[in-house]
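K.L.:
Build the 3D model from these lines:
(2 chains)
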Number of protein chains: 2
Amino acid sequence: MVMEGKTTDDPLSATFAALADPTRRAILARLAKGEASVTELAAPFDLSQPAISKHLRVLEKAGLIERGRQAQWRPRRLRAGPLKDAAAWVGQYRHHWEDSFERLDTFLRQIDDQDDRKEPDR
Amino acid sequence: MVMEGKTTDDPLSATFAALADPTRRAILARLAKGEASVTELAAPFDLSQPAISKHLRVLEKAGLIERGRQAQWRPRRLRAGPLKDAAAWVGQYRHHWEDSFERLDTFLRQIDDQDDRKEPDR
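P.N.:
Now for the predicted structure:
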């Protein structure tokens, strides 16, 4: 799927755009365990330092990470606020996916009942 | 924020990329109320039919909408499955945003306690 090269100014769009990449999601998963330097974050990926820095900039602009205050090391740290807003948006649709499962369940039970009825009397 | 013009093949990235646009999120919000034709979906937006069709293609490729079977009308319908997966991914970070609020709460209580202690004895 080719993403559009368009401007996304609203925070929720920036959050979802930042999450639309497996490397960036992996970086957040790493930071969920504790803060880490850019070198530590780059280690598991076969990516250049500039490529990692670009991903970190996207995450930082979306407010999903922040830099620590230690002048030398500047570890990155997870900021979960935007994830809460993303969860709230997606969560609005919860009853839709729950309904789908209920419909499937009802359907499977109906098939089951029909099978039972087809069985010969004993 | 300029999004990168890159290929996202994994389903979760396609879902988040599709959600990274306010018009597409508004289309999903409309479809959450029931199926709708392309004309009905285009109505609230000041967008051309091709622009709306492009958004619908992105949503369809991400599996977030599907087309009804009526040959003439082909109404679009919400598919909530990918939203469930997105919610599950974001939900992993729940204790991070809950922790942040707890820390803020603890901090505010500490300030409150300090203020109490500063008050002169009566």
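K.L.:
mind checking how far the residue nearest the centre of chain A is from A:Ile111?
P.N.:
Compute the mean C-alpha point of chain A, and by CA atoms, centre = their mean the closest residue is A:Leu19, 5.2 Å away. Shown here: A:Leu19 relative to A:Ile111, a distance of 38 Å by CB to CB, to the nearest Å. (C-beta placed from N, C-alpha, C; glycine too.)
K.L.:
returning to that earlier point: roughly how far does the residue nearest to the residue nearest to the centre of chain A when sequence neighbours are not counted sit from B:Thr106?
P.N.:
Excluding the flanking residues, the one nearest A:Leu19 by CB to CB, 6 or more residues apart in numbering or on different chains is B:Phe16, at 4.2 Å. Distance of B:Phe16 to B:Thr106, given as CB to CB: 33 Å.
K.L.:
So these two - more neighbours on which side?
P.N.:
B:Phe16 (27 against 10; other CB atoms under 10 Å in any protein chain shown).
K.L.:
Next up, the contacts around the more buried one.
P.N.:
Shown in contact with B:Phe16 (CB atoms under 8 Å, 6 or more residues apart in numbering or on different chains): A:16-17, A:19-20, B:86.
K.L.:
So which of the residues you listed are in helices?
P.N.:
The members of the contacts of B:Phe16 that map onto helices under DSSP state H are A:16-17, A:19, B:86.
K.L.:
What is the nearest of these to A:Ile52?
P.N.:
Using CB to CB, A:Leu19 comes nearest to A:Ile52 of those, at 16.9 Å.
K.L.:
Please tell me the pLDDT value assigned to the residue nearest to A:Leu19.
P.N.:
pLDDT, B:Phe16: 98.
K.L.:
Could you do the one 5 residues further on as well?
P.N.:
B:Asp21 is assigned a predicted lDDT (pLDDT) of 97.
K.L.:
I figured it was touching B:His55, is that so?
P.N.:
Yes: at 7.1 Å, B:Asp21 counts as touching B:His55 under the criterion of CB atoms under 8 Å.
K.L.:
which residues touch the residue nearest to the centre of chain A?
P.N.:
A:25, A:28, A:86, B:16, B:89-90.
K.L.:
before we move on, back to that, and the two most separated of the ones in helices among the contacts of B:Phe16?
P.N.:
A:Ala17 and B:Ala86 (13.3 Å).
K.L.:
what ranges do the helices span in chain A?
P.N.:
With DSSP H as the criterion, chain A has helices at A:11-19, A:22-31, A:38-42, A:49-61, A:81-91, A:94-118.
K.L.:
Buried ones in the longest one, by neighbour count?
P.N.:
Right, helix A:94-118. A:96-97 (16 or more other CB atoms under 10 Å in any protein chain shown).
K.L.:
Identify the residues contacting that helix?
P.N.:
If you take CB under 8 Å, 6+ apart as the criterion, helix A:94-118 is touched by B:32, B:78, B:80-81, B:83-84, B:87.
K.L.:
so can I have a markdown table of those residues showing pLDDT and distance to chain A?
P.N.:
Shown next, in a markdown table, are those (pLDDT from 0 to 100; distance: CB to the nearest CB, whole Å):
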| residue | pLDDT | distance to chain A |
| --- | --- | --- |
| B:Ala32 | 95 | 6 |
| B:Leu78 | 95 | 6 |
| B:Ala80 | 94 | 4 |
| B:Gly81 | 94 | 6 |
| B:Leu83 | 97 | 5 |
| B:Lys84 | 96 | 4 |
| B:Ala87 | 97 | 4 |
